[in-house]
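>>> With the sequence up front, the predicted model follows.
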Amino acid sequence: MQRRHDIDALRAIAFALLILYHCAMLYVAEWDWHLKSTHLSEPLQIPMLFMNRWRMDLIFLISGLSVHFLLRGTSLGRFVVQRSWRLLLPLTFGCLVVVPIQPYAQGVANGLVEPGFVDFLLRYYQFQPWPKDAFDGWEYGFTWNHLWYLAYLWVYTVVLAALLPLFRNGLGRRLHARVAGLRGWKLLILPALPLAVATMLLQPHFEETGDLIHDWYRHAIYFSVFLYGYWLGNDSGLWNELVRLRKWSLGLALGLFGFYLTLALALPDDIPDVLQKSVWLLRNLYIWFAISAILGWGHALLNRPFRWLPWANEAVYPWYVLHQSLIVLIAYWILPLHLGPVSEPVIVVVGTVLGCWGLHAIIRRVPLLRPCFGLKMRPRETVKAAVPVQLQAANDVA
């Protein structure tokens with residue numbers, strides 16, 4: 001079985017888009033974030049909304065795909081231990097070392113934290129509540145900010161491991177066969193329906209706060225697409241069908257987004273429940289159309305050993321851990337300078353990319369830092385093709 005280069009490439013592209021998305025959060029009007037520039041743009045909401053609806057769903061689906069491949073080369077217990085190490089150590093290290101600059105900058109900008117980063121850290125590591133609304137997570141005394149994905153992914157991985165005996169019995173195999181047998185319109189419509197039902201039932205009652213314990217709406221969505229990725233796996237029939245339908249799925253996604261955007265802009269905030277549920281149904285159909293198009297086009301165009309792919313596979317995890325702290329730090333430094341609407345975002349984007357590139361170049365060469373950023377203890381060059389080719393790279397954040 002050949003290595004699935006398209007999955008590796010889609011993972012790298014998905015996280016690259018995540019970095020650009022977080023850079024743009026400084027500038028999109030009417031969307032709250034840790035810091036905001038004075039150069040706000042309302043038109044920027046359109047491409048941001050276009051990507052917002054499926055960006056994390058795609059990442060969790062790719063995570064489920066990776067789990068499918070990783071489980072084929074190891075025992076269940078060993079898999080859980082390995083994934084726990086690779087997810088929880090970077091999460092802990094990131095929360096303690098990488099993330100703190102974000103609540104500090106936000107707290108100072110809000111006027112609720114005194115300038116002085118060392119003094120802030122001495123107070124921060126006490127894990128006591130801060131003044132109300134000082135920063136996101138003030139009530140807990142600390143925050144994981146963008147690293148919430150690692151916590152959620154670890155929980156989903158453990159839950160999936162617990163459910164695997166059920167998935168591997170007769171009923172589970174029949175369910176998987178039904179999923180793998182989806183073709184044509186059924187493949188483009190039916191997977192969106194559970195997402196729509198979960199949205200209708202849970203979104204009105206659970207805000208998207210990043211609170212692991214009470215985030216039931218996002219759990220329903222993200223765990224569902226995580227399972228979709230696991231079930232999708234390496235089934236050639238499903239992948240060939242996604243490739244065959246890629247033009248249809250792309251056209252449907254673009255057309256439905258245009259219609260959905262028109263409704264979102266035209267409708268008032270308070271609308272009847274029936275109309276609101278119809279909008280949610282359209283949104284989830286758009287999400288699945290978009291993901292289907294991305295997977296189909298990715299498999300058709302990206303399933304080849306690009307020269308940049310091995311480096312990108314290793315870089316994904318450190319860049320993910322580092323990027324938002326670098327964005328916030330650079331913004332904290334330059335926003336008071338009141339630079340122009342072109343030079344300021346250019347500095348933010350270029351500075352973030354160069355910072356991630358430079359720090360990754362250091363991290364990959366320091367043995368003690370490698371596992372703190374999700375990399376193997378040994379350099380990749382020492383781990384040759386003796387690893388079964390069907391396994392996804394153990395360095396992958398997903």
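Structure received.
>>> Now for Glu42: which residues touch it?
Ala29, Glu30 (Cβ atoms under 8 Å, 6 or more residues apart in numbering). To be clear about C-beta, it is placed using only N, CA and C from the backbone, and glycine gets the same treatment.
>>> my bad, should have said Trp144
Contacts of Trp144 (Cβ under 8 Å, 6+ apart): Leu91, Gly94, Cys95, Val99, Gly137, Leu150, Ala151, Gly210.
>>> From Gly73, how far out is it?
For Trp144, the distance to Gly73 equals 30 Å [Cβ to Cβ, to the nearest Å].
>>> that older thread, between which two of the contacts of Trp144 is the distance greatest?
Using Cβ to Cβ, the contacts of Trp144 reach their maximum pairwise distance at Gly137 and Leu150, which is 15.2 Å.
>>> show me where the stretch 1-150 of the chain has helices.
Ranges of helices within the stretch 1-150 of the chain are 5-24, 45-52, 55-71, 76-93, 101-109, 117-124, 148-167, based on DSSP state H, counting those that start in this stretch.
>>> To Gly340, which of the ones you listed lies closest?
It's helix 5-24; of the helices of the stretch 1-150 of the chain, that one is closest to Gly340 (Cβ to Cβ) at 16.3 Å.
>>> Kindly export that closest one (C-alpha atoms) in PDB.
Extracted in PDB, the C-alpha atoms of helix 5-24 (Å, rounded to 0.1, in the frame of the first residue of the first chain):
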ATOM      1  CA  HIS A   5       0.700  11.900   0.000                       C
ATOM      2  CA  ASP A   6      -2.600  13.700  -0.600                       C
ATOM      3  CA  ILE A   7      -3.500  13.400   3.100                       C
ATOM      4  CA  ASP A   8      -0.100  14.700   4.100                       C
ATOM      5  CA  ALA A   9      -0.400  17.600   1.700                       C
ATOM      6  CA  LEU A  10      -3.900  18.500   2.800                       C
ATOM      7  CA  ARG A  11      -2.800  18.500   6.400                       C
ATOM      8  CA  ALA A  12       0.000  20.900   5.700                       C
ATOM      9  CA  ILE A  13      -2.300  23.100   3.600                       C
ATOM     10  CA  ALA A  14      -5.100  23.100   6.200                       C
ATOM     11  CA  PHE A  15      -2.800  24.300   8.900                       C
ATOM     12  CA  ALA A  16      -1.200  26.900   6.600                       C
ATOM     13  CA  LEU A  17      -4.700  28.300   6.000                       C
ATOM     14  CA  LEU A  18      -5.300  28.200   9.800                       C
ATOM     15  CA  ILE A  19      -2.200  30.500  10.200                       C
ATOM     16  CA  LEU A  20      -3.500  32.900   7.600                       C
ATOM     17  CA  TYR A  21      -6.900  32.800   9.100                       C
ATOM     18  CA  HIS A  22      -5.600  33.800  12.600                       C
ATOM     19  CA  CYS A  23      -3.600  36.600  11.000                       C
ATOM     20  CA  ALA A  24      -6.700  37.900   9.400                       C
END
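>>> what packs against the helix or strand hosting Gly351?
Using DSSP states H and E, Gly351 sits within helix 343-363. Applying 3 or more Cβ pairs under 8 Å, 6 or more residues apart in numbering; DSSP states H and E, we find helix 343-363 packed against helix 5-24, helix 309-334.
>>> Rebuild the ones you listed as JSON lines, extending it with mean neighbour count.
Listed next are the helices and strands packed on helix 343-363 as JSON lines, based on neighbours: other Cβ atoms under 10 Å:
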{"stretch": "helix 5-24", "mean neighbour count": "20"}
{"stretch": "helix 309-334", "mean neighbour count": "22"}
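>>> what about those helices, which gets the closest to Gly229?
helix 5-24 (9.4 Å).
>>> for the closest one, packing partners?
Secondary-structure packing of helix 5-24 (3+ Cβ pairs under 8 Å, 6+ apart): helix 45-52, helix 55-71, helix 273-302, helix 309-334, helix 343-363.
>>> For Leu18, which of these is the nearest?
helix 55-71 (6.4 Å).
>>> Distance from the closest one to the middle of the chain?
In terms of Cα atoms, centre = their mean, to the nearest Å, the centre of helix 55-71 is set 10 Å apart from its chain centre.
>>> Check stretch 123-142 too.
From the chain centre to the centre of stretch 123-142 is a distance of 25 Å (Cα atoms, centre = their mean).
>>> do the same with stretch 313-321
In terms of Cα atoms, centre = their mean, the centre of stretch 313-321 is found 12 Å from the chain centre.
>>> re the thing from before, pick the one among the contacts of Trp144 closest to Leu368.
For the contacts of Trp144, the nearest to Leu368 is Gly94 (15.2 Å; Cβ to Cβ).
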